[in-house]
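S.K.: Okay, sequence plus prediction incoming.
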Amino acid sequence: MPLTLVYICVYHRSVTNQARFECAEDGIAVTFPDMPEAIACSYSEAQAMEYAVDAIATMFTEDVKRRRAIPPAAQSGVGHAP
């Protein structure tokens, strides 16, 4: 099966971040161009979406705890690869 890339926007508390879903035979990897330290993976699309939201929420929580600035989201549109 060929690798499929899908870009969506993940909304969490009024902040939008672009997520990159890489689908392969062994599962789905989710990365975020604006937050490279946030990564999620799953075997199903529904679970990958859930994990993507959890990954962003965790990164925001850690940024607030450590008093780090939350990185601004990219200005690229939905479906547009960075």
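M.R.: Looks like it came in fine.
S.K.: what about the helices in the protein?
M.R.: All helices of the chain, identified by DSSP state H, fall at 45-65.
S.K.: so where's it shaky on pLDDT?
M.R.: 1-16, 71-82 (pLDDT under 70).
S.K.: can we see that at 90?
M.R.: 1-21, 24-25, 32-38, 45-46, 49, 52-82 (pLDDT under 90).
S.K.: Would you map the strands across it?
M.R.: 4-12, 15-24, 27-31, 39-42 (DSSP state E).
S.K.: Can you list the helices and strands that the shortest one packs against?
M.R.: What that stands for is strand 39-42. strand 27-31, helix 45-65 (3 or more CB pairs under 8 Å, 6 or more residues apart in numbering; DSSP states H and E). C-betas here are computed from N, CA, C, even on glycine.
S.K.: hmm, 10 Å instead?
M.R.: Applying 3 or more CB pairs under 10 Å, 6 or more residues apart in numbering; DSSP states H and E, one finds that strand 39-42 contacts strand 15-24, strand 27-31, helix 45-65.
S.K.: Parallel or antiparallel, list what pairs with that strand.
M.R.: strand 27-31 (antiparallel) (DSSP bridges).
S.K.: coming back round to it: figure out which of the helices and strands packed on strand 39-42 is closest to residue 37.
M.R.: helix 45-65 (6.7 Å; CB to CB).
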